[in-house]
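1. could you work out the structure for the sequence below:
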Amino acid sequence: MANYKTRLSVFSSSGPPPAFELGNEEFARLERIYGVTINEGARERLLFLSLNFLRWRKAELSSENYAEVRRQFNVVREAVQAFQSFAYGTMIPHTDSGGVISGKINSSLEDFPVSVRGRQILVAADTNSSDWNRVEDSRSLAIKIDAQFLMNLGKSMGCVMAAVDKEISDEEADQHSGFTPGNAFKDFLQQMRKWAKDNGFIYGPLDHVADPSSFSRFLFELNRLFPAELREPVTSAGGVAERIRTLMKKGKKSDGGK
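-> Predicted coordinates:
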């Protein structure tokens, strides 16, 4: 089964939201195609739904590919592995010059203690304990470390990297989708069908001779008015009608065929 989780399910927008307006000229053209008069309230709602679609469309197109998580994690893991090599003493060669370096590092560790707040420290009898207690001291404390501490830290960081690697691998294999290009338009079509129904307009995809309805032609023209980089790639009113029909079929299946 294909892996559909190609994009993240989070998106941090940079820059202003998409700008979009419909003037009297654009509304007149849409009304001619649809064969209806769109009152002020319906216009405001239409503009709101359009802007909402454009925001989600930008998110699904701009969201990072999940593979970027793996790529960036691999960079972090390589850096941690380099630290482990240092902490375990394998980075420094076992030569006389290496011995001089190790000696100077070990003696200097005592000269540069680590400063922490007491409440940042959790203590327990051993690493496998489930009973951890926070140090109830808000003062800044100084901790002197040694080579053994660095080795223990390197080991812990190795465990952290292994746990994160497994979690990322599990998510890579997950079939749950993050942002998926095309979903924003599906939601928009459903919302626009409700908008049309609420205003007493035609909201079916086809007319009585199986051609694209005025509603499908109206939505196709509306999509053409959106900013070029955010338009849904649908090439005809017939394509819009087919999208709507697909949504209607899925809706019937989810309702048990009713």
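
2. can you give me the offset of the longest helix along the chain from its chain's centre?
-> Of all segments of type helix in the chain, defined using DSSP state H, the longest is helix 147-173. Helix 147-173 has its average C-alpha position 24 Å from the chain's average C-alpha position, going by CA atoms, centre = their mean, to the nearest Å.

3. okay, helices next: where are they in the stretch 151-258 of the chain?
-> In the stretch 151-258 of the chain, helices defined by DSSP state H, counting those that start in this stretch lie at 183-198, 214-225, 237-254, listed in chain order.

4. can you check the stretch 1-150 of the chain too?
-> Taking DSSP H, counting those that start in this stretch as the criterion, the stretch 1-150 of the chain contains helices spanning 24-34, 40-62, 67-87, 96-109, 147-173.

5. so of those helices, which one's packed in deepest?
-> Taking mean count of other CB atoms under 10 Å as the contact definition, the stretch among the helices of the stretch 1-150 of the chain with the greatest mean neighbour count is helix 40-62, which reaches a mean of 16. Bear in mind the C-beta positions are built from the backbone N, C-alpha and C, glycine included.

6. so it versus helix 183-198, what angle?
-> Between helix 40-62 and helix 183-198, the angle comes out at 170 degrees (axes from the mean of the first three to the mean of the last three CA atoms, to 10 degrees).

7. show me what the worst-scoring helix or strand of the chain on mean pLDDT pairs with in its sheet, parallel or antiparallel.
-> Across the helices and strands of the chain, the lowest-confidence element by mean pLDDT, DSSP states H and E is strand 122-123, at a mean of 80. With DSSP bridges as the test, strand 122-123 is paired with strand 133-134 (antiparallel).

8. now the partner strand: mean pLDDT?
-> Along strand 133-134, the predicted confidence averages to a pLDDT of 82.

9. and residue 128, how many neighbours?
-> Look at residue 128: counted by other CB atoms under 10 Å, it has 6 neighbours.

10. how about the closest residue to residue 193 other than its chain neighbours, what does it touch?
-> The shortest distance from residue 193 to any residue other than its chain neighbours is 4.6 Å, reached at residue 203 (CB to CB, 6 or more residues apart in numbering). By CB atoms under 8 Å, 6 or more residues apart in numbering, residue 203 lies in contact with 192-193, 196-197, 215.
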